[in-house]
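1. Based on what follows, work out the 3D shape:
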Amino acid sequence: MINQKYEIIKLLGKGRSSVYLCEDVDLPGENIAIKILPENTEETEKRLFSNEYFTLRKINHPNIAKAFDIGTITHTDEEYPDILPGSKFFTLECINGCNLLEYDGLNDKDTLYEIIKQLSMVLYYLHLSNFIYYDLKPENILVTFNDGKPVIKLIDLGFAQCIVENKESVIRGTAEYIAPEILKNDRHDYRVDFYSLGMVLYRLIYKKFPFSTNNEVEVYKAHIEQDFDFPETNTYAGITDVIKKLLNKDPDERYTNAIQILKDLDIEIGEEAVKDLIPVKVFAGRKDCLTILKTYISDQGSREVFTVRGSEGAGKTTLAYKLYSSVENSILIDNSNSLTGTEYFRQFFKKITNNNLVYPKLSAGLIEQIDKFYNNLPLNPANEVKAIINRLSNESSFVLILDSFNSYDDLLLEIFRDIIPILQVNRIKVILTENSDRHNASEFISNLREVNLTPFTEAQLSEYLEKSFAPCFPVEQLKQLILSYADLLPGSLTSFLKDLILLKIIRYTPGGIEIVTDERTSSILKSSHEEIYKIRTNSLTEDELSVARFISAFEIVPDLNVIGKYFRLDDKAALRVLDNLSHKNIIQSIISGLNPVLTSEGLKRHVYSGIKEKKNYHNSIAAFLISYFTNYNRGELARQYELAGCYEESYKILKEELSKAEKISAYSFQKNILQHLLTFPLSEGNNVNVNVEYCKVLTNLNDYQASLNHIDQIINIVNENAKNELSILKAKCLIGLGELNEGKA
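-> Below you'll find the model as predicted:
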């Protein structure tokens, strides 16, 4: 077991780093891969390893492996003596397949051409996004299956570089596949990947390399000087000419773009391939905000807390990850899976102790206390959490980034109400991100500073487009469409680009990229968002639309397991539906362990509006959750009953939450629940109980005047027992307000 989280199953492969198959104990039944870089590796290698993780986090393409989490190994079992504390690791999706050379289906022309198509399109995606892969070889191409069709996955992006951010010219790649211009230290571009692709195809077709030597220097010499032989093959018409062009020693004689390769092989692209051509996420237009936050982090004496606020799609999470990738002792907590209570803080402490600058500073006593928290999982964690946080912030220094802070439920916020002052006193830097379209959850924090993310200016938009797209893209045309028809927010721009592709306004051809700006384009883009949403949802199958509606019915979004169980789909089938919804711009991209979210609140409302007999629908969801997921978020379950019109059932569940909150004196949390319950058409007895409890909570919050006002409103309509309770409360309130004589009376 690594860091009490990853259970090793077996070794998958070993190179510069080792890759193991493992199970995340917090996601039972879900296998993932963990990539481990030894502790004694050079700093350059460690930097490449970290860059690979953050590159993978920005990429969203079905033919590239997804990355999930990063950290440092702090402790392991003795069963794996080669895995040492201090080693870097990151986790990524587990791909059940084999590398390209081991795949035995390549003798079939259709299968080979399908693989060439996928390789070409994933290279097109990277090149369009200003990336060079640099290390294309069979060992980095895994083949798996989906519905009987081969699917390739590129792995190991350790050498991949964004040429906008990094213009250094260094020799990178694997000897047998490296382009001659790199070896000659000439200026080079994305066409080095075409040379590598040519060598991969040569090896697949002819079952050998075009050179016979194993000596690395001789191999380099062959790349630069040797004229390769290209024997004719009758099995694959036209492929010899394609390989010959790819392996041309003059990059200008190779292909201009990867779609041209497919044209020469008469391979149709189709909508399925172009839907994924949304560029890699970039950090642009927010340098000033980043500077403010880094200045705050470097100010050792500051006890401020910063909140980064912006509307949906403003780039808050992108800014958070930029900080996380550039500030070594930072810890990013992303609660997109909507954990609460003990489970949230279990993940919280694991994230903190995964950091190699934090863990070595912790005392044996604190480590033991955290381990006990992991293993015993107290029902009411608040006091234990506060004690651990106090010791953590005394013994170490770190930057805590809490993404989507105002999506936390009231119980978590109540605990943070006590935690954040502890962190401030101990000069721990705290940075929150909050959606400005929702309530301001950080208002309780003293010494709070705000950074606001506003829509892009035209200059910021230009920077965003320059970083996002290769020079071959008609950026000026796209910019004019954006200025005319789109919100100037990064998230909105991504969604807008997806729509332009789905509506065939952006077209990818062998001759280049075309943007169609005719009357049809103008008519579609001038139409309301509702019309765009209709076009998107009309492209869905019945199953996809049903799943989208199910997701729209939730506030706390269901995970893959819940969706699969409700629709009687296995994990693979459910994930396939979610992937399709992501590609059709209905939900945000899927990352393991996180729950699917619709791309905007407007789309969510549109999808939800299509549900007929909503009360019955919510009732069926509530009954399903009660039957199969007894530990599902109680607030969401109560919400489902409320929307079903089953107010008494909703009250029963919220009453349990009130009881839990009372045990940890979470009075503000209680107040919010009770205020909501006051709007319910409950039975007379339950209505009285809610009103009395509301007065009690107001009194506990020392809001005596509000309590008195409410007591006066209800005291004449309650039973005798309730009147007695209210009379006692009234006395307490009067005394609290300084009216001692009236209170004693």
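
2. what helices or strands is the strand ranked longest in the chain leaning on?
-> Taking DSSP state E as the criterion, the chain has its longest strand at strand 6-14. Where contact means 3 or more C-beta pairs under 8 Å, 6 or more residues apart in numbering; DSSP states H and E, strand 6-14 is packed against strand 18-24, strand 31-37. Every residue, glycine included, has its C-beta placed from N, CA and C.

3. Kindly compare burial across those and name the winner.
-> strand 31-37 (a mean of 22; mean count of other C-beta atoms under 10 Å).

4. just checking, S336 touches N595?
-> Yes. S336 lies in contact with N595 (C-beta atoms under 8 Å); the separation is 6.4 Å.

5. Looking only at neighbour counts, state which of these two leads.
-> More neighbours surround N595 than the other of S336 and N595, with 21 against 17 (other C-beta atoms under 10 Å).

6. need the strands for the stretch 401-550 of the chain, in chain order.
-> Secondary structure of the stretch 401-550 of the chain (DSSP state E, counting those that start in this stretch): strands located at 429-435, 448-453, 506-509, 512-515.

7. Ok, the stretch 201-350 of the chain next?
-> 305-310, 330-334.

8. where are the low-confidence patches of the stretch 551-700 of the chain?
-> Where the stretch 551-700 of the chain drops to pLDDT under 70, the residues are 590-594.

9. One more: the stretch 201-350 of the chain?
-> For the stretch 201-350 of the chain (pLDDT under 70), the answer is none.

10. Let's have the strands of the stretch 201-350 of the chain in a markdown table, adding mean neighbour count.
-> Output for the strands of the stretch 201-350 of the chain, formatted as a markdown table (neighbours: other C-beta atoms under 10 Å):
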| stretch | mean neighbour count |
| --- | --- |
| strand 305-310 | 24 |
| strand 330-334 | 19 |
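
11. Tabulate those in JSON lines, adding columns for distance to L708.
-> Formatted as JSON lines, these follow (distance: least, C-beta to C-beta, whole Å):
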{"stretch": "strand 305-310", "distance to L708": "34"}
{"stretch": "strand 330-334", "distance to L708": "41"}
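
12. Quick one: closest of those strands to I506.
-> The closest of the strands of the stretch 201-350 of the chain to I506 is strand 305-310. By C-beta to C-beta, the value is 26.7 Å.

13. in its sheet, what does the closest one sit against?
-> Here strand 305-310 is paired, per DSSP bridges, with strand 429-435 (parallel), strand 448-453 (parallel).

14. What residues of the shortest one count as buried?
-> What it means is strand 448-453. 448, 451, 453 (16 or more other C-beta atoms under 10 Å).

15. What of stretch 174-181?
-> Of the residues in stretch 174-181, those buried (16+ other C-beta under 10 Å) are 174, 176-181.

16. again with stretch 655-669
-> Result for stretch 655-669 [16+ other C-beta under 10 Å]: buried residues 655, 657-658, 660-662, 664, 666-669.

17. With mean pLDDT as extra columns, can I get the helices and strands packed on strand 6-14 in TSV?
-> Output for the helices and strands packed on strand 6-14, formatted as TSV (pLDDT from 0 to 100):
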stretch	mean pLDDT
strand 18-24	90
strand 31-37	92
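
18. can you redo those as a markdown table with distance to A258?
-> Shown next, in a markdown table, are those (distance: least, C-beta to C-beta, whole Å):
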| stretch | distance to A258 |
| --- | --- |
| strand 18-24 | 27 |
| strand 31-37 | 27 |
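
19. Quick one, which of those gets closest to G301.
-> Short answer: strand 31-37, nearest of the helices and strands packed on strand 6-14 by C-beta to C-beta, at 35.6 Å.

20. For that closest one, which outside residues touch it?
-> 2, 6, 8-9, 12, 16-24, 45-46, 49, 68, 73, 83, 87-95, 592 (C-beta atoms under 8 Å, 6 or more residues apart in numbering).

21. follow-up on the earlier one: quick one, which of the strands paired with strand 305-310 is nearest to N538?
-> Nearest of the strands paired with strand 305-310 (C-beta to C-beta): strand 429-435, 28.8 Å.

22. For that closest one, which outside residues touch it?
-> Contacts for strand 429-435 (C-beta under 8 Å, 6+ apart): 293, 296-297, 302, 305-312, 316-317, 319-320, 323, 398-407, 420, 423-424, 440-442.

23. What values do phi and psi take at K281?
-> Main-chain dihedrals, K281, degrees, to the nearest 10: phi -60, psi 140.

24. just I611 next, same as before
-> phi -80, psi 120.

25. just I2 next, same as before
-> Dihedral angles for I2 - degrees, to the nearest 10 - are phi -100, psi 130.

26. Distance check, it against T91.
-> Distance, I2 to T91, by C-beta to C-beta, to the nearest Å: 10 Å.

27. can you check F345 too?
-> Taken as C-beta to C-beta, the span from F345 to T91 is 21 Å.
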